[in-house]
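Novice: have a look at this fold, sequence not included:
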């Protein structure tokens, strides 16, 4: 929350001593020799072998030793008492619930400074996933990736399944997508899907999420056929599970695929269905995003008044939940509408506001680039050509970081319009040609 200082989440710490070392420490603290601890039940040599890690006692033996030393068996095994383990597990569970509820500060607070036993790998794994997802949603993408790298290393140890390994790769794929490494993201998501498919363990919800994000990658690359195939399969899996919230997420993406493919009426129908599902679940954040999408679709369909109404509602919801990024996208969309209505000064004001809200958000390079385009065009129409040139240059700088020729083509086309306005037909033609050539490489 604003104004609060949180302890940064580090890779969870782990105890470094094993059972043998703990046994020796406890024996010495109790003032016992190896022979005295062994009593009439074991030999001194057997106790020595346990302490040196040469043998692993049975649970019955550990129970007897624990009783002799006055400690929980769980402490001998893991370095944590049952109460300590339960406390750590409760903290991890709270963090997971906070992530589900979009309360990312609370999730990181719950995970801060937790200690993990080497024998409690599953808790550390869950903490890493929850912490990484919270970091991602706060645009701390590199720290999130570091946590996921640690989780991937853990998942390769015995005791973890292919589903857990797939879950890590899925989240790494999402993180890479947000870092605009689209090809890497697509590779990670495909590997995750292969692991999930071969696991033999029911994991349709995870598979649907993987397919949803892989569809986003294909859409970014303008491979709409692949995007449509993945989103349709994801939707089939989610509906089979009767998971209406996941259905809402996937229907949202299906709407975007239809929009990019020029099927605006179908896109609006899908968007309205997703909106209804988000309202049923009380998911205000995604409801606001859906309202923003509906605003854009109504604008494309020539219903500017309806578009403005939806976008203002989206902005209101974003303010209500305290999401600057979502507010920025609504304001940026409003700027686009007002640009189309030839209200140049209002388009300028709103695009500048959007850019202020998105400052320092590398996961929104496309929105930042588009806001610069709108700003530049508003300035161009006001005859402020030098300012427009700077805005278009910023747009190109941001959009060039995306793995998408179509995004760069938008910037070059805008720069071509500026050159034409200045009477430099040669430069304008070169920029238009560059944009056209870039679009020739796009897969349709």
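Specialist: All right, it came through fine. Predicted model, so just to flag it, every value in this text is computed and none were measured.
Novice: list the contacts of stretch 58-74.
Specialist: Outside of stretch 58-74, the residues that reach it under the criterion C-beta atoms under 8 Å, 6 or more residues apart in numbering are 23, 26-27, 30, 37, 39, 41-42, 57, 75-77, 80-82, 85. Every C-beta, even on glycine, is put in place using the N, C-alpha and C of the backbone.
Novice: show me which of those are buried.
Specialist: Buried residues within the contacts of stretch 58-74, counting neighbours by 16 or more other C-beta atoms under 10 Å: 23, 26, 27, 37, 42, 57, 75, 76, 77, 80, 85.
Novice: quick check: the farthest pair among the residues you listed?
Specialist: Taking C-beta to C-beta as the measure, the buried ones among the contacts of stretch 58-74 span a maximum distance of 27.2 Å, between 42 and 85.
Novice: circling back: among the buried ones among the contacts of stretch 58-74, name the ones in helices.
Specialist: Using DSSP state H, the members of the buried ones among the contacts of stretch 58-74 that fall within helices are 23, 26, 27, 37, 75, 76, 77, 85.
Novice: so which of these comes closest to residue 331?
Specialist: Nearest to residue 331 among those is residue 85, at 47.8 Å by C-beta to C-beta.
Novice: show me where the stretch 301-444 of the chain has its strands.
Specialist: Counting by DSSP state E, counting those that start in this stretch, the stretch 301-444 of the chain forms no strands at all.
Novice: need the ones in helices among the buried ones among the contacts of stretch 58-74 in TSV with distance to residue 161 and pLDDT, can you?
Specialist: Compiled in TSV, these are given as follows (distance: C-beta to C-beta, whole Å; pLDDT from 0 to 100):
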residue	distance to residue 161	pLDDT
23	31	84
26	34	83
27	37	86
37	39	89
75	28	71
76	27	74
77	22	70
85	22	74
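Novice: and of the buried ones among the contacts of stretch 58-74, the nearest to residue 240?
Specialist: When those are compared for distance to residue 240 (C-beta to C-beta), residue 85 wins out at 36.2 Å.
Novice: which parts of stretch 162-174 are buried?
Specialist: Within stretch 162-174, the residues that count as buried by 16+ other C-beta under 10 Å are 162-174.
Novice: which stretches of the stretch 1-150 of the chain have low pLDDT?
Specialist: 1-17, 78-83, 118-119 (pLDDT under 70).
Novice: ok, which stretches of it are strands?
Specialist: Under the criterion DSSP E, counting those that start in this stretch, the stretch 1-150 of the chain contains strands at 13-14, 115-116.
Novice: just how off-centre is the last one within its chain?
Specialist: Between the mean C-alpha location of strand 115-116 and the chain-wide mean there is a distance of 25 Å, by C-alpha atoms, centre = their mean, to the nearest Å.
Novice: let's number from 699 now, not from 1
Specialist: Okay, using 699 as the starting number, the last item reads as strand 813-814.
Novice: quick one: strands adjacent to it?
Specialist: Take DSSP bridges as the rule and strand 813-814 pairs in its sheet with strand 711-712 (parallel).
Novice: specify which member of the buried residues of stretch 860-872 is nearest to residue 1069.
Specialist: Nearest to residue 1069, judged by C-beta to C-beta, of these is residue 872 at 23.5 Å.
Novice: for the closest residue to that closest one other than its chain neighbours, pull up the helix or strand it's in.
Specialist: Once flanking residues are discounted, residue 872 sits nearest to residue 911: 5.6 Å by C-beta to C-beta, 6 or more residues apart in numbering. Using DSSP states H and E, residue 911 sits in helix 902-918.
Novice: buried set for the next helix-or-strand element following that helix?
Specialist: Tracing the chain C-terminally past helix 902-918 and defining elements by DSSP H and E, one meets helix 922-939 next. Of all the residues in helix 922-939, those buried under the rule 16+ other C-beta under 10 Å are 922, 924, 925, 926, 927, 928, 929, 931, 932, 933, 935, 936.
Novice: just checking, what packs against whatever helix or strand comes next after helix 922-939?
Specialist: As assigned by DSSP H and E, the chain's next helix or strand after helix 922-939 is helix 942-958. Using 3 or more C-beta pairs under 8 Å, 6 or more residues apart in numbering; DSSP states H and E, the elements in contact with helix 942-958 are helix 902-918, helix 922-939, helix 962-979, helix 982-998.
Novice: among the ones you listed, which comes closest to residue 1084?
Specialist: That would be helix 982-998 among these, by C-beta to C-beta, at 29.6 Å.
Novice: between the closest one and helix 942-958, how big is the angle?
Specialist: If you take axes from the mean of the first three to the mean of the last three C-alpha atoms, to 10 degrees, helix 982-998 sits at 20 degrees to helix 942-958.
Novice: show the end-to-end separation of stretch 855-865, please.
Specialist: With C-alpha to C-alpha, to the nearest Å as the measure, stretch 855-865 spans 15 Å from end to end.
Novice: before we move on, what about stretch 936-943?
Specialist: Length of stretch 936-943, first residue to last, C-alpha to C-alpha: 9 Å.
Novice: what about it, average pLDDT?
Specialist: The average pLDDT within stretch 936-943 is 88.
Novice: before we move on, back to that, as a markdown table, the buried ones among the contacts of stretch 756-772 with distance to residue 893 would be great.
Specialist: What follows is the buried ones among the contacts of stretch 756-772, written out as a markdown table (distance: C-beta to C-beta, whole Å):
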| residue | distance to residue 893 |
| --- | --- |
| 721 | 38 |
| 724 | 41 |
| 725 | 44 |
| 735 | 46 |
| 740 | 45 |
| 755 | 36 |
| 773 | 35 |
| 774 | 35 |
| 775 | 30 |
| 778 | 31 |
| 783 | 29 |
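Novice: which one of those is nearest to residue 1011?
Specialist: Closest approach to residue 1011 among the buried ones among the contacts of stretch 756-772 (C-beta to C-beta): residue 783, at 46.8 Å.
Novice: how close does that closest one get to residue 861?
Specialist: The gap separating residue 783 from residue 861 is 23 Å, by C-beta to C-beta, to the nearest Å.
Novice: for residue 897, which non-adjacent residue is closest in space?
Specialist: residue 860 (3.8 Å).
Novice: what's the pLDDT at the one you found?
Specialist: 95.
Novice: backbone dihedrals for it, please?
Specialist: Per-residue torsions, residue 860: phi -60, psi -30 (degrees, to the nearest 10).
Novice: that one and residue 899 touch, don't they?
Specialist: Yes: between residue 860 and residue 899 a contact is recorded at 7.3 Å, counting by C-beta atoms under 8 Å.
Novice: can you list residues touching both of the two?
Specialist: Counting by C-beta under 8 Å, 6+ apart, residue 860 and residue 899 have no shared contacts at all.
Novice: spit out the contact partners of the residue lying closest to residue 985 once chain neighbours are set aside.
Specialist: Using C-beta to C-beta, 6+ apart and skipping the chain neighbours, the partner closest in space to residue 985 is residue 976 (4.2 Å). Listed by C-beta under 8 Å, 6+ apart, the contact partners of residue 976 are 946, 984, 985, 988.
Novice: most widely separated two among those residues?
Specialist: Maximum pairwise distance among those (C-beta to C-beta): 9.3 Å, between 946 and 985.
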